[in-house]
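> Below: sequence and its predicted model.
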Amino acid sequence: MKPQDLLALRETFDRNAILMSFNGPFSATLIEEIGLALRRHLEALEAAPSSITDVFAIYIELTQNIRHYTSRNAVPDVHTGATLVISHRADGRYEVCAGNVVQYADGEALLARVEALAGLDKAALKAAYKAQLRAPIEPDAASGAGLGLIDIARRASQPPAAFLQRMDPALGFFSLQVVI
Amino acid sequence: MNELNIIATNSTPMIRTDGASGTLQLAGDSYPEHAFEFFAPLLAWVKQHLAQTDAPLRLELALLYLNTSSVRILMDILDQAEEAFQAGRDVSLTWRYDSDNERVAELAEEFREDCSFPFTIEACETR
């Protein structure tokens, strides 16, 4: 990166009140290390213990979902990285955004799931969570992210927003924005 | 019976069993990427304890955060405990949590909804 571009990057970070970010391939160890740093950072900001748990839980479910997805060789190796941004917004809320490259059809299935969850209130989300908890695990399900997505929606203060951008005929970039 | 004595890590809980008293202790965070692999020895212990002994089952939990795959495993264990209780076994559970973190109490409460054996959720003051 050219040194003169660093200021623009910094301004992007400042404008979005970004606390932490990561871009690239994830390992299980890296997920753990970043997670611990995130927790300590939130503790230092004196966030409420319940907020720390929710931000941490959403971070873990999102990154582990991405790991499980990429470990199925669904996308070429060069696309197995993830982009993660955690911010503390001006309204005081925390926000976790994560994105990764997916097969476009998988992305569409995920979009549909997120949209279906957005229509559910807290009680319906809880019922969906309990039903999914006892549902048999389908290792090759299109999204592979059933329970995790419901858990994320339950912890969020507003329905998570999903976005799918086409990259080429087969692939898309799926991103999810979760406000705690 | 093979007793378990597994030390906690950042992402996995402490696990301790004592077949004679039927005690199973779990404490700490649990978010291993491959929860089923990690908990396989524990699931085997519970299965064997219930199948091969008449001893009580005392679950002593001080779990904090569980990822969804760990929640699935714990639910599986509690379902087995419930079944044993229905069949007449002495089963009980105590879940201790730091009164500062209400998320842990909510998590424990959701498990309790599906259990009819004695299930105590106990707040501990840390400050």
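Perfect, I can see it now. Numbers count the residues shown, from 1 in each chain, chains lettered A, B, ... in the order given.
> Residues contacting stretch A:166-180, please?
A:51, A:54-55, A:58, A:62, A:75, A:79, A:83, A:89, A:93-104, A:106-107, A:110-111, A:114, A:152, A:155-158, A:160-165 (CB atoms under 8 Å, 6 or more residues apart in numbering or on different chains). Yep, even glycine has a C-beta here, placed from its N, CA and C like the rest.
> Show the overlap between the residues you listed and what lies near chain B.
A:D54 (CB under 8 Å from any CB of the partner chain).
> Which stretches in the chain count as helices?
In the absence of a named chain, this looks at chain A. A:6-15, A:28-44, A:49-71, A:104-118, A:122-134, A:146-155 (DSSP state H).
> look at chain B instead
Under DSSP H, chain B gives helices at B:35-52, B:68-86, B:102-112.
> To B:I121, which of those lies closest?
helix B:102-112 (4.7 Å; CB to CB).
> The residue lying closest to B:S92 once chain neighbours are set aside and B:S70: what is the separation?
Spatially, and ignoring its direct neighbours in sequence, B:S92 is nearest to B:P118 (4.3 Å; CB to CB, 6 or more residues apart in numbering or on different chains). Distance of B:P118 to B:S70, computed by CB to CB, to the nearest Å: 23 Å.
> Of the helices of chain B, which is nearest A:K122?
That would be helix B:102-112 among the helices of chain B, by CB to CB, at 11.7 Å.
> packing partners for that closest one?
helix A:49-71, strand B:57-66, helix B:68-86, strand B:91-98, strand B:119-124 (3 or more CB pairs under 8 Å, 6 or more residues apart in numbering or on different chains; DSSP states H and E).
> Please convert the helices of chain A to a markdown table, extending it with distance to B:E3.
As requested, the helices of chain A are exported to a markdown table (distance: least, CB to CB, whole Å):
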| stretch | distance to B:E3 |
| --- | --- |
| helix A:6-15 | 51 |
| helix A:28-44 | 27 |
| helix A:49-71 | 30 |
| helix A:104-118 | 42 |
| helix A:122-134 | 29 |
| helix A:146-155 | 31 |
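> Would you mind listing what in chain B touches chain A?
B:10-11, B:31, B:33, B:65, B:67-69, B:71-72, B:75, B:98, B:100-104, B:110, B:114.
> Buried ones among the residues you listed?
B:11, B:31, B:33, B:65, B:67-69, B:71-72, B:75, B:98, B:101-104 (16 or more other CB atoms under 10 Å in any protein chain shown).
> Quick check: the farthest pair among the residues you listed?
B:E33 and B:E102 (26.8 Å).
> where does chain B dip in pLDDT?
B:126-127 (pLDDT under 70).
> again with chain A
In chain A, residues with pLDDT under 70: A:137-145.
> re the thing from before, what's the closest of the buried ones among the residues of chain B next to chain A to B:M1?
B:M75 (23.3 Å).
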